[in-house]
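S.K.: fold the following and give me the result.
(chains A and B)
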Amino acid sequence: MSVFEQIALGWACVGAAVRRMFQPALWTPWLLLGAVHLVLLLMIAGFAHPAVSAVMAPLVTALAGAQVRHYPEVFRHLPELQAQAALIVDALLGPLAAGAAVALLAAAFERGRASPGDAIAHALERAGALIVALLPYTVIVFAITFGLQGWLVERGSAGLTRKLAQLAGAGGIVVLRVLFLYVVPLVVLGRQRPVEAWRELPRMLERGSVTAFTIVVLVSLVTAPFGVLTRFAPRLVDGGTPEAVVGLVAVQIAGGLIAAFLLAGASVLAWQSIEIDVESGW
Amino acid sequence: MVIRRAAAVVTLAALLAGGCGSGPLWARWRAERDLWRADRATHAIAGDPHAAPAELAGAAARYRKVSEHWPADVWVPRAVDDSLAADVARVSGRAAIRSASLAWRAGNAADAAISFDAIERAYAAVWPIALEAGLAHAAAAELGGDSTLAFAVRRHVARGYPPVGPDGSLAKGVLDCARAVAEAERRAGHDAAADSAWRAFAAGLEAALASGPAVDARPALWLALAQARAGTGAAGRAAARAALDQVLRDPHATDLVGHARLELAELALADGDFARAVTLARRARLALPWDRGLDAVVVEASAWERAGQRDSALTTYGRAVDEHWAPDRQLTRARAERARLFEEGGRWEEARGELHALIAGDPLSDWALQSMRRLVVHPLQRHELELAQLELAWCIERLDRTLATVLDPGVLLATRRTKADLLLTVGSDHRAIEALEDLWQHHPDTPDGVWAAFKAAELAEQQLNDRTTAERLYREVATRAPAGGDRREAENRRRRLAGGG
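M.R.: Residues are numbered from 1 along each chain as shown, chains lettered A, B, ... in the order given. Next comes the predicted model:
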């Protein structure tokens, strides 16, 4: 496929995934993951409540310092706290949700209907392979999110350097998403083991890297406004409605789920197209 | 089976509701939330010097509700061995203090005074809060114009509280009270009482230092001890130097080295050792934070001035002016000092230029308003009436521009007062009465406003023979002035005018 064909394919894949967004059953894996994120968000915001404080108070202190335990500081830091805690949830449950979603969407694209129960069962069968296959992605995102900034702060880098590193980190995560876009379809639909999936990646990217890039960029553009929302957190706190930050972060979580849905749907179609492309010997 | 599941759900719910975490942490969170919300709700009222008594009373009630919801008799006993409970007690105490301060402003001074005393007693075990109550009591009395009570409360704080907090750090509020008491006693000519206040504070610090305080708290204690010893006059200066040497030798005193050198420079200045004062002040300036740098400049320039080297003093201030690239309080102060030196040295034209530059650079500051007074008064004193009128016109035009563009109530009050003062100075009675009436109409609940009304009435009656205006003003003061004494005085004058008429 030429570059333009790949771009067109990426565009079409995202368009098809957008059209599937209005089928509630397809949301099941992401809604389950979203529910876990929401519970985590509420536990962070309500870290001082005796029901959760034994676990959550030390956690938020470790992530943001002792000052965050005073009202209303936790709301000022809530977006970062949630993002950091969500990495752990995403590392453990994200691959399962992605696997179930890919199975569900593939069934929907092929047969027009899908059973969430079957898809989740299928993803659970492949749970180990999914988690291991996405492990390099998870580890590198961890390193960028936690390690890079911490290292720069420790070595006393200037604010501009840290900002540039943050931008480079965001760019790096986009590249990672492109590199790992086909991993879940390879494991779930191609029934490959993690090592086989990684070996297959260069071949997939050789034929569909531009498609993958187009998909990731389009989805990032669609969901970018959700990421900007959290910048309003300090304003909400200073404006006298700190609790509204919970709603703001919940909307951001919803944005993340929409992005994940679109990436899963588009990756299924792109993978199928490239597989056909390969099998037909083009 | 269903019953078993229901029992499991109920047990889980009970565990979640009861929790296995920290109750005091949750209590502190909610207490801080209550205080924060009360702060938010009353912020505009508390910051408004013209807030109506009913609004202030409402804000006070809101804070009282917080302190009652987290009562001292529950949380202060727990504070002894639980830092989270101590935080709840602090929140509760702060709410009570804010309630009492607002109640005072609302006109309930007697009730508020009782409240402050009650807070001090109730929070004695969390003594930083008891101390805060004492300081707030003094501040409320000062704000209400009762300097005698403010002095009495500060003396009580200086005598009743240790100079070192529970964490071993300096209790700055106690130091400020000791200083205020000593200065007031000295102003009143009670040198023995002033020395006694400083000595009592110094004794407390010496005891704290002897008990081996935390290493990082030690330099501040030595510095405060030096200030206390220096406060007793010539007799204490040698001992003050010894304390400052301790600060300079302390490896943990990095942040206080500049302050210690500045104190040493002031001691040298007081001893008449001007050369040493200049050297020390220059070294202090290098070590002081930016916003304190001019204190060292003032000491250096004062040393030059007292040594008879006025030009060197001018150069010192000039250097400070040149080093500031943006207008700020430090630059304004340096300009004001330079203008004073020029004026005292008979170089009025240069002083005038400096005063104009100061006003242009920082037009809303007290220094600018003082400078306008100098611009008008100086030519008047030299009988240069035409020049005085020109300066007056320029100043009034600037003041009117401020009145038309600024919203800050404090600035507006000071501007109106300056305008009235300038017009009174040049004897422009009609315009002065207008300015005084304007001051009274806009600020009837302030001492300046009441003074303006009385002054305008006197001028109307005595200079313009306008008894109607005078009587109207006295009637207004008799009904609107906040202090009962002023209302009675105005009513008496009004009756005298009506009877005489």
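
S.K.: state the distance from B:Asp73 to B:Leu143.
M.R.: Distance, B:Asp73 to B:Leu143, by Cβ to Cβ, to the nearest Å: 30 Å. Heads up, the C-betas are built off the backbone N, CA and C, glycines and all.

S.K.: neighbour-wise, which of these two wins?
M.R.: Taking other Cβ atoms under 10 Å in any protein chain shown, B:Asp73 and B:Leu143 do not tie; B:Leu143 has more neighbours (13 against 7).

S.K.: could you list every residue that touches the more buried one?
M.R.: Neighbour list for B:Leu143: B:Trp104, B:Arg105 [criterion: Cβ atoms under 8 Å, 6 or more residues apart in numbering or on different chains].

S.K.: what residue ranges in the chain score low on pLDDT?
M.R.: By default, I'm working from chain A. Scanning chain A for pLDDT under 70 picks out A:276-282.

S.K.: oops, chain B please
M.R.: B:1-22, B:49, B:324-327, B:500-501.

S.K.: please redo it, this time with the cut-off set to 80
M.R.: Scanning chain B with the threshold set as pLDDT under 80 gives B:1-22, B:46-51, B:143-145, B:166-167, B:212-213, B:290-291, B:323-330, B:482-483, B:499-501.

S.K.: ok now do residue 274, which residues does it touch?
M.R.: I went with chain A, as the question did not name one. A:Ile274 is in contact with A:Tyr182, A:Met204, A:Arg207, A:Gly208, A:Thr211, counting by Cβ under 8 Å, 6+ apart.

S.K.: wait, chain B
M.R.: B:Phe274 makes contact with B:Ala268, B:Ala303, B:Trp304, B:Arg306, B:Ala307, according to Cβ under 8 Å, 6+ apart.

S.K.: next one: phi and psi at B:Leu170?
M.R.: The phi/psi pair for B:Leu170 (degrees, to the nearest 10) reads phi -60, psi 130.

S.K.: quick revisit: put together CSV for the contacts of A:Ile274, with secondary structure on each row.
M.R.: Formatted as CSV, the contacts of A:Ile274 follow (DSSP: H, G, I helix; E, B strand; the rest coil):
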residue, secondary structure
A:Tyr182, coil
A:Met204, helix
A:Arg207, helix
A:Gly208, helix
A:Thr211, helix
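
S.K.: now flag whichever of these is closest to chain B.
M.R.: A:Tyr182 (42.2 Å; Cβ to the nearest Cβ).

S.K.: spatially nearest residue to that closest one (excluding sequence neighbours)?
M.R.: With Cβ to Cβ, 6 or more residues apart in numbering or on different chains as the criterion, A:Tyr182 has its nearest non-adjacent residue at 4.5 Å, and that residue is A:Met204.

S.K.: isn't the one you found right up against A:Val184?
M.R.: No. Assessed by Cβ atoms under 8 Å, A:Met204 is found out of contact with A:Val184, at 11.9 Å.

S.K.: which one's more surrounded, those two?
M.R.: A:Val184 (30 against 24).

S.K.: so what secondary structure elements neighbour the helix or strand where that one lies?
M.R.: For A:Val184, the enclosing helix or strand under DSSP states H and E is helix A:183-188. Where contact means 3 or more Cβ pairs under 8 Å, 6 or more residues apart in numbering or on different chains; DSSP states H and E, helix A:183-188 is packed against helix A:73-111, helix A:127-133, helix A:194-229, helix A:244-279.

S.K.: would you mind giving those helices as JSON lines with distance to B:Gly485 added?
M.R.: Shown next, in JSON lines, are those (distance: least, Cβ to Cβ, whole Å):
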{"stretch": "helix A:73-111", "distance to B:Gly485": "47"}
{"stretch": "helix A:127-133", "distance to B:Gly485": "82"}
{"stretch": "helix A:194-229", "distance to B:Gly485": "58"}
{"stretch": "helix A:244-279", "distance to B:Gly485": "50"}
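
S.K.: okay, helices next: where are they in the stretch 1-150 of chain B?
M.R.: Here the stretch 1-150 of chain B has its helices, by DSSP state H, counting those that start in this stretch, at B:2-18, B:23-46, B:53-69, B:72-79, B:83-105, B:109-122, B:127-143, B:147-160.

S.K.: picking up where we left off before, ok, the residue nearest to A:Tyr182 - contacts?
M.R.: Contacts for A:Met204 (Cβ under 8 Å, 6+ apart) come out as A:Tyr182, A:Leu186, A:Trp271, A:Ile274.

S.K.: from these, which is closest to chain B?
M.R.: A:Leu186 (40.7 Å).

S.K.: how many neighbours does the residue lying closest to the closest one once chain neighbours are set aside have?
M.R.: Once flanking residues are discounted, A:Leu186 sits nearest to A:Ala197: 4.1 Å by Cβ to Cβ, 6+ apart. Neighbour count for A:Ala197, taken as other Cβ under 10 Å: 25.

S.K.: looking at the stretch 101-250 of chain A, what residue ends up closest to chain B?
M.R.: Among all residues of the stretch 101-250 of chain A, A:Gly240 sits closest to chain B, at 4.8 Å; criterion: Cβ to the nearest Cβ.

S.K.: doesn't B:Arg40 make contact with that residue?
M.R.: Yes. In this structure, A:Gly240 is within contact of B:Arg40 by Cβ under 8 Å, at 4.8 Å.

S.K.: C-alpha coordinates for the host helix or strand of B:Ala281, CSV please?
M.R.: Per DSSP H and E, B:Ala281 falls inside helix B:274-287. C-alpha atoms of helix B:274-287 as CSV (Å, rounded to 0.1, in the frame of the first residue of the first chain):
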residue,chain,number,x,y,z
PHE,B,274,30.2,55.0,61.9
ALA,B,275,33.0,53.5,59.9
ARG,B,276,32.3,50.0,61.2
ALA,B,277,28.5,50.6,60.7
VAL,B,278,29.1,51.4,57.0
THR,B,279,31.3,48.3,56.5
LEU,B,280,28.9,46.0,58.3
ALA,B,281,25.8,47.4,56.6
ARG,B,282,27.5,46.8,53.2
ARG,B,283,28.3,43.2,54.0
ALA,B,284,24.8,42.8,55.4
ARG,B,285,23.3,44.0,52.2
LEU,B,286,25.1,41.3,50.2
ALA,B,287,23.7,38.6,52.5
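
S.K.: can you name the element that comes right after it?
M.R.: On the C-terminal side of helix B:274-287, the closest following helix or strand by DSSP H and E is helix B:293-306.

S.K.: got the buried residues for the helix or strand containing B:Val376?
M.R.: For B:Val376, the element it lies in under DSSP H and E is helix B:366-381. By 16 or more other Cβ atoms under 10 Å in any protein chain shown, the buried positions in helix B:366-381 come out as B:367-372, B:374-380.
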